[in-house]
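**Student:** Sharing a model that was predicted from the sequence below.
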Amino acid sequence: MASSTALAATYDQDGHVLSALSEEDANADGKLNRRSTGVYTYSAAGLLVNTVSETDQADKPTGEIDGVIDYREASTFEYDSDGNLVRQVSTAAAIGFDSFTSISLLEYDSRGNVTLTTSELFANSDSTPLSRARTENTYNSRGQLVKSATETDSDGQPGFEQIVVVTIVYDGVK
Ligand SMILES: [Ca+2]
Ligand SMILES: [Ca+2]
């Protein structure tokens, strides 16, 4: 069974993608079974600040889309004065079902290495997260990652129930 996928995109004068289109005809019968669009927005400094993607998808690859969006995802990105990403909020939803929002915060050292990442996942507008994670990174004098400790909480009870620590040793570096 042949399939065809068509891709198209538009760009601004700096080469940033502004919009994207993807169409799929999995059984090459001339009827699309999936159509996705993306829209991208940038700050004056050229940093990506907002994305929205929408998908219209048939029930099966041999089916045909109906023009009604089935899945939508939107993200916003915030940066510090050095242009490092410090906050990302993404919401995804299959239309008619629960939506899920993830909020991630990042902190950096003076070299621009990520020292702390926290993320939380929420269903709908619930104030209590379904799950959350916190990763703390430690670097040596050369700026190489030597330790990464991740705590995760996904049981709905206060407190993190799992901790994973990874340590990395480099030859000849103290
Ligand atoms: Ca088709
Ligand atoms: Ca649809």
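**Tutor:** Now that the structure is in, tell me what you want to look at. Ligands and ions are numbered 1, 2, ... in the order given.
**Student:** what separates the helix or strand bottoming out on mean pLDDT in the chain from the chain centre, distance-wise?
**Tutor:** Ranked by mean pLDDT, DSSP states H and E, the weakest helix or strand in the chain is strand 4-11, scoring a mean of 91. Distance of strand 4-11 from its chain centroid, counting by Cα atoms, centre = their mean, to the nearest Å, is 21 Å.
**Student:** So which elements touch that strand?
**Tutor:** strand 17-25 (3 or more Cβ pairs under 8 Å, 6 or more residues apart in numbering; DSSP states H and E). Quick note: C-beta positions are derived from backbone N, CA and C, even for glycine.
**Student:** now the strand it packs on and strand 4-11, what's the angle there?
**Tutor:** 170 degrees (axes from the mean of the first three to the mean of the last three Cα atoms, to 10 degrees).
**Student:** elements contacting strand 17-25?
**Tutor:** strand 4-11, strand 34-42.
**Student:** Mind telling me what element the residue nearest to the spatial centre of the chain is part of?
**Tutor:** With distances taken as Cα atoms, centre = their mean, the residue of the chain nearest its centroid is Ser90 (6.6 Å). Following DSSP states H and E, one finds Ser90 within strand 85-94.
**Student:** what pairs with that strand, and is each one parallel or antiparallel?
**Tutor:** Using DSSP bridges, the strands paired with strand 85-94 are strand 71-79 (antiparallel), strand 99-108 (antiparallel).
**Student:** Indicate which one of those is closest to Val52.
**Tutor:** The minimum distance between Val52 and the strands paired with strand 85-94 falls on strand 71-79, with 4.7 Å, by Cβ to Cβ.
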